[in-house]
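Trainee: Following is a predicted model, sequence given first.
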Amino acid sequence: MSPAIPELPGVLGADEVARSADYLLAAQEADGGIPWFPGGHLDVWDHVECAMALTATGHTGAARRAYSWLATAQYPDGSWPAKLRQSRVAVPLRETNHAAYPAVGLLHHLLITGDEAFAREVWPTVRAGIGFAMGLRTERGEFLWARDPGGGPGDHALLTVCSSVHHGLRCAAELGARLGEEHPEWTAAADRLAVLINEREDVFADRSRFSMDWYYPILGGAVRGQAARERIKERWDAFVVPGLGIRCVSDQPWVTGAETSELVLALASMGEVDLGAELLGSISHLRDPDDGAYWTGYQFAEKVRWPVERSTWTAAAVILAADALSQTTPGARVFTDPPGCG
């Protein structure tokens, strides 16, 4: 029997989601890497997001190739270059959240497939990534955003990055426990990071113009309950453009599909399914009906697509949002009920 494909009646049909997954399959390169668009550059965070969307739509073989690719591009210290192009390093900087995110993807894959043997195969790559991230943790508990090619740590921490790292630490700890390898130091680091995210936003560089800083603390599992509801309400009008999606930056007339879908993931974790479905439906104008790809964004003052690209990670985020709202696969839990975030 074919696996169920996520769908939202009246918003996004299973056939439409399947076509978007086909776009990801067409973009995947022979070595398993999934670039931003066919023939384009690649970064590990977005590569993993695409792998998760492939798993959620039943393309588990393609997803396995994507996860196996990670080891081929990983540095000995557990990190990855910030950008690769056709397997060559384009930007040698190593970003903390890139190193932590494969843990989210691998737990998602395990929850859907139950393939523990494959999880054990990829586990050393994921563990090394978390190890790199832990090396950028300050005494206070936040994580510096990157390490430069010479080995120097970044001089600041970012709220979105640390929220994603928090998500990665929680998923890595659960993965380790499932595979018989406890890492209480990762749980302790996530606990401390959650306190900083909830109570000390002043330790993070100010990026409040960006919508990701608004919803990512919820998406990453650090902010829950009433605090999450208040956070969403506080800046809703600054970012949401009714009927079009959400702004990437509060002072720019530009809505983006990935940020909108990620906000939907955060709303799904809060139980706001109807609101999330309405928001996801609002970015249907970004969908290319020819092949199910999504344009990255729309500049509504000039009424033009911008940038003029159809990014794989935007299609992936839409698929994962549809799954989170519909609860079609058990992998949706990494967003709606991430481990250790109850």
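Mentor: Here it is on my side, so go on.

Trainee: so how far is the first residue of stretch 75-84 from its last?
Mentor: In stretch 75-84, first residue to last residue: 13 Å (C-alpha to C-alpha, to the nearest Å).

Trainee: For residue 316, list the residues it contacts.
Mentor: Residue 316 is in contact with 24, 46, 49-50, 52-53, counting by C-beta atoms under 8 Å, 6 or more residues apart in numbering. In this view, the C-beta of every residue, glycine as well, is placed from N, C-alpha and C.

Trainee: got a winner among those residues for most neighbours?
Mentor: For those, the largest neighbour count, defined by other C-beta atoms under 10 Å, is 32 neighbours, found at residue 50.

Trainee: My reading is that it lies in a helix. Confirm?
Mentor: Yes: with DSSP: H, G, I helix; E, B strand; the rest coil as the criterion, residue 50 is assigned to a helix.

Trainee: how close does residue 36 get to residue 272?
Mentor: Per C-beta to C-beta, to the nearest Å, residue 36 is found 30 Å from residue 272.

Trainee: ok, these two, which is more surrounded?
Mentor: Legend: neighbour count by other C-beta under 10 Å for residue 36 and residue 272, higher for residue 36 (22 against 18).

Trainee: Let's verify residue 255: helix, strand, or coil?
Mentor: Relying on three-state DSSP, one would call residue 255 strand.

Trainee: Who is it paired with across the strands?
Mentor: Beta bridges link residue 255 to residue 247, residue 298 when assigned by DSSP bridges.

Trainee: got a list of what it touches?
Mentor: Counted by C-beta under 8 Å, 6+ apart, residue 255 has contacts 241, 244-248, 283, 297-298, 300.

Trainee: and these as TSV, adding pLDDT and neighbour count?
Mentor: What follows is these, written out as TSV (pLDDT from 0 to 100; neighbours: other C-beta atoms under 10 Å):
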residue	pLDDT	neighbour count
241	98	16
244	98	17
245	98	31
246	98	26
247	98	23
248	98	20
283	98	28
297	98	27
298	98	21
300	98	18
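
Trainee: Looking at these, which is nearest residue 117?
Mentor: residue 283 (37.8 Å; C-beta to C-beta).

Trainee: Helices of this protein, residue ranges please.
Mentor: Listed in chain order, the helices of the chain (DSSP state H) span 14-27, 44-56, 60-73, 96-100, 102-113, 116-134, 159-178, 184-199, 211-219, 225-239, 257-269, 273-281, 312-326, 333-336.

Trainee: for the first one, what is the average pLDDT?
Mentor: Pointing back at helix 14-27 there. Helix 14-27 shows a mean pLDDT of 98.

Trainee: Pull out the buried residues from that helix.
Mentor: Residues of helix 14-27 classed as buried by neighbour count (16 or more other C-beta atoms under 10 Å): 14, 16-24, 27.

Trainee: so who does the nearest residue to residue 190 once chain neighbours are set aside touch?
Mentor: Among residues not flanking residue 190 along the chain, residue 169 sits closest, at 4.0 Å (C-beta to C-beta, 6 or more residues apart in numbering). With contacts defined as C-beta under 8 Å, 6+ apart, residue 169 is in contact with 100, 103, 130, 133, 186-187, 189-190, 193.

Trainee: What's the separation between residue 169 and residue 14?
Mentor: 34 Å.

Trainee: now residue 267
Mentor: Distance, residue 267 to residue 14, by C-beta to C-beta: 21 Å.

Trainee: Residue 131 reaches residue 78, doesn't it?
Mentor: Yes: contact criterion C-beta atoms under 8 Å: residue 131 and residue 78 qualify, at 4.8 Å.
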